[in-house]
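K.L.:
here is my input; please provide its structure:
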Amino acid sequence: MLINQTLLRLNKWHWLLLLSLVMGLSPQRVTAQDGPFCDAFRTFGNGGMMGQTIYSLYTQDQTVYAGTNDGLYISPEGRNNFVAMIPGYGGFNANGLYAVGQTIYAGTQDGFGLYISTDGGSNFTYRTTASGLGHEYVSAVYVVGSTVYAATAGGLSISTDGGNSFTNRTTANGLGDDGVNAVYVMGSTVYAATAGGLSISTNGGNSFTNRTTANGLGDDYVNAVYVMGSTVYAATANGLSISTDGGNSFTNRTTANELGDDYVNAVYVMGSTVYAATANGLSISTDGGNSFTNMTTANGLRNNYVYDVNVMGQMIYVATAGGLSVCSADPLPVSLISFTAKAQPNRKVILNWSTAIESDNGGFLIERSKDLRAFEKVGQVGELSANSSTRKDYQLIDQLPYQGTSYYRLTQTDLSGKKTVYPAISVVIRDEPYGVYPNPVVGGDEFTLRLDEPETAKVGFYHVDGGSFPLQKKGVQGGNLLLKTRAQLPAGVYIITVEERGLLREHRLVVE
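P.N.:
Model prediction:
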């Protein structure tokens, strides 16, 4: 009787969470309430993130993961302060992201396979065809417990040991095509979005039945899939196809239903709110996908070509061909006009910020960091007025800034205790000149760059004749970036390009 009474007291969310645990699902993917709707987007990201192509997104707790054409970036607090984790100085493209606690999975487009970190992104190992992957082009990843599903260009690869070794599924197992673009898992049911249809397995991925245009799909080429209960959403090359019977039959949505474009790259669902990433905007439906409102650059998107979309709380994150965009359905308590940091001749830093509107403002906190990861308190400033509709100006002086680059973060707290963290800004106090050392490099493959912003700078490495070489980031020490080439360099002259703070400079490196 006690058990029955307890079960009766469970609300809808508790039932979904209990079901997810029983079925082995990730609770983060179980979304019962409707998602946010907003139509005013802004640019999101800092430093090396600006202007990049963002291929994929993932959110966990307050952390945002972004797979870009320049590697994997992570924002630990879901704000603008992104840190490069596996930067792609040689053209690295990261996509297919998934995270569980401190374990991060990142697929790649460049033949590097699947990167895996078990310490939050500080260190990565990678898996290739040598580990059983069907191909080293990995489009997407889904994880349930110790089982890892990797969508590759050569099949759906499944690992039951946390990603150490894989067994590959192909058309021989019923997949519509060996080219698998995405994967979604609910219990023992596996949905594989392939280049030849949506393939569904009810036995954990051992065998598949394929769905095509004959079952109502808009196109046999399926880019992505999202599942809520018996409702299946398939992003196809000719519309967003929706099934309410577990994927047996579909109804297709197109521009006739106000989608931005018939080509749909990705889909994300929260309750009855459906987000479709299309080739011409982010299309949002609040009625389960019957009709859509399309968001474009006119609404603040960085680019109309949208690769992916993800939602965290009241924030909508949009991956575009021109960078990352974000929109909040929750109005901010303070309208910030500006936040600046200026180094002084006496080696102090003056921080100024101004607000236009303040609502229940409880004050501000200024923090500084060397690496955008660990922040320490500089000082607090009380509000000039808890509620105001006129401009207010604030100032704080940092008496002991770091040598080299200091990042400053402004946090506003309202009277209820809710915090709003604003994008970090940086200032440089430097005595040593920029450059590369040792120079020349004698019989080696490692060197160091002196930079202002080693965490976010974009670095290119070329032979004087024009050929490019990939680099590996080994670490950051102070204002120095430690780099290593993937192979020992032949003797000759090389050019290193550095882009930071919107400026581009070159350094010559001699290898003997």
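K.L.:
tell me the confidence at Lys473?
P.N.:
At Lys473, the model reports a pLDDT of 78.
K.L.:
enumerate the beta-bridge partners assigned to it.
P.N.:
Per DSSP bridges, the residues bridged to Lys473 are Leu483.
K.L.:
use 786 as the first number for this chain going forward.
P.N.:
Noted, 786 is the first residue going forward, which turns the last one into Lys1258.
K.L.:
neighbours of it, just the number please.
P.N.:
In terms of burial, Lys1258 registers 19 neighbours under the definition other CB atoms under 10 Å. The C-beta positions use only the backbone N, C-alpha and C, and glycine is treated the same way.
K.L.:
which non-adjacent residue is nearest Phe993?
P.N.:
Using CB to CB, 6 or more residues apart in numbering and skipping the chain neighbours, the partner closest in space to Phe993 is Gly959 (3.6 Å).
K.L.:
from memory that neighbour sits against Ser992, does it?
P.N.:
Yes: shown here, Gly959 and Ser992 form a contact pair, counting by CB atoms under 8 Å, at 5.1 Å.
K.L.:
any residues in contact with both of the two?
P.N.:
Ser986 (CB atoms under 8 Å, 6 or more residues apart in numbering).
K.L.:
would you mind confirming that Thr974 is in contact with Gly990?
P.N.:
No: using CB under 8 Å, Thr974 makes no contact with Gly990, being 9.3 Å away.
K.L.:
more crowded one of the two?
P.N.:
The neighbour count for Thr974 versus Gly990, taken as other CB under 10 Å, is higher for Gly990 (23 against 18).
K.L.:
that one: what's it in contact with?
P.N.:
The contact partners of Gly990, by CB under 8 Å, 6+ apart, come to Tyr934, Leu941, Ile943, Arg954, Val975, Ala977.
K.L.:
check which helix or strand the third one maps to.
P.N.:
In this case it means Ile943. For Ile943, the element it lies in under DSSP states H and E is strand 940-944.
K.L.:
and the strands in the stretch 1036-1185 of the chain?
P.N.:
With strands called from DSSP state E, counting those that start in this stretch, the stretch 1036-1185 of the chain shows them at 1036-1038, 1049-1055, 1058-1063, 1066-1070, 1078-1080, 1091-1097, 1100-1105, 1108-1113, 1119-1128, 1134-1143, 1146-1154, 1160-1166, 1177-1183.
K.L.:
neighbours around Ala1020, how many?
P.N.:
One way to gauge burial is a neighbour count; for Ala1020, by other CB under 10 Å, it gives 27.
K.L.:
what's the angle from the host helix or strand of it to strand 1049-1055?
P.N.:
Secondary structure assignment for Ala1020, by DSSP H and E: strand 1016-1021. Between the direction of strand 1016-1021 and that of strand 1049-1055, the angle (axes from the mean of the first three to the mean of the last three CA atoms, to 10 degrees) works out to 160 degrees.
K.L.:
list the pairing partners of strand 1016-1021 within its sheet, with orientation.
P.N.:
Within its sheet, strand 1016-1021 is paired with strand 1007-1013 (antiparallel), strand 1024-1028 (antiparallel), according to DSSP bridges.
K.L.:
show me how far that strand is from its chain's centre.
P.N.:
22 Å (CA atoms, centre = their mean, to the nearest Å).
K.L.:
give me the angle between that strand and strand 1058-1063.
P.N.:
10 degrees.
K.L.:
quick one: mean pLDDT for strand 1016-1021?
P.N.:
Model confidence over strand 1016-1021 averages 98 on the pLDDT scale.
K.L.:
just the element for Val970, please.
P.N.:
Remark: Val970 resides in strand 965-971, with elements defined by DSSP H and E.
K.L.:
strands paired with the helix or strand just after that strand, and their directions?
P.N.:
For strand 965-971, the following helix or strand on the C-terminal side (DSSP H and E) is strand 974-979. Here strand 974-979 has these sheet partners by DSSP bridges: strand 965-971 (antiparallel), strand 982-986 (antiparallel).
K.L.:
which outside residues touch strand 974-979?
P.N.:
Counting by CB under 8 Å, 6+ apart, 934, 936, 941, 954, 960-970, 983-987, 989-990, 993, 995, 1007-1010, 1012, 1017, 1019-1020, 1032 sit against strand 974-979.
K.L.:
got a PyMOL select line for the buried ones in those residues?
P.N.:
PyMOL command restricting the contacts of strand 974-979 to the buried ones, with burial defined by 16 or more other CB atoms under 10 Å:
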select buried, resi 934+936+941+954+960+961+962+963+964+965+966+967+968+969+970+983+984+985+986+989+990+993+995+1007+1008+1009+1010+1012+1017+1019+1020+1032
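K.L.:
for Val1206, which of the strands paired with strand 1016-1021 is the nearest?
P.N.:
Each of the strands paired with strand 1016-1021 was scored for nearness to Val1206 using CB to CB, and the closest is strand 1007-1013 (29.3 Å).
K.L.:
now that closest one and strand 1091-1097, what's the angle there?
P.N.:
Using the same axes, to 10 degrees: strand 1007-1013 against strand 1091-1097 is 20 degrees.
K.L.:
pull the CA atoms of strand 1007-1013 into PDB?
P.N.:
Output in PDB follows, covering the C-alpha atoms of strand 1007-1013 (Å, rounded to 0.1, in the frame of the first residue of the first chain):
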ATOM      1  CA  VAL A1007      17.900  11.800 -43.300                       C
ATOM      2  CA  ASN A1008      20.300  14.200 -41.600                       C
ATOM      3  CA  ALA A1009      19.100  13.800 -38.000                       C
ATOM      4  CA  VAL A1010      16.500  12.200 -35.800                       C
ATOM      5  CA  TYR A1011      14.900  13.100 -32.400                       C
ATOM      6  CA  VAL A1012      12.400  10.900 -30.500                       C
ATOM      7  CA  MET A1013       9.900  11.700 -27.700                       C
END
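K.L.:
which residues in the stretch 1186-1297 of the chain form strands?
P.N.:
Listed in chain order, the strands of the stretch 1186-1297 of the chain (DSSP E, counting those that start in this stretch) span 1189-1199, 1204-1206, 1210-1214, 1220-1222, 1231-1235, 1243-1248, 1256-1262, 1265-1270, 1277-1285, 1288-1296.
K.L.:
would you mind finding the most buried of these?
P.N.:
Taking mean count of other CB atoms under 10 Å as the contact definition, the stretch among the strands of the stretch 1186-1297 of the chain with the greatest mean neighbour count is strand 1189-1199, which reaches a mean of 21.
K.L.:
pull up the pairing partners for it, direction included.
P.N.:
With DSSP bridges as the criterion, the sheet partners recorded for strand 1189-1199 are strand 1146-1154 (antiparallel), strand 1204-1206 (antiparallel), strand 1210-1214 (antiparallel).
K.L.:
and the angle for the longest one with strand 1177-1183?
P.N.:
Our comparison of strand 1146-1154 with strand 1177-1183, counting by the same axes, to 10 degrees, yields an angle of 30 degrees.
K.L.:
quick one: average pLDDT of strand 1146-1154?
P.N.:
The model assigns strand 1146-1154 a mean pLDDT of 92.
K.L.:
give me the contacts around that strand.
P.N.:
Residues external to strand 1146-1154 that are found in contact with it (CB under 8 Å, 6+ apart): 1118-1119, 1136, 1138, 1140, 1160-1168, 1170-1173, 1179, 1181, 1183, 1186-1187, 1191-1200, 1202, 1209.
K.L.:
brilliant, that's me finished.
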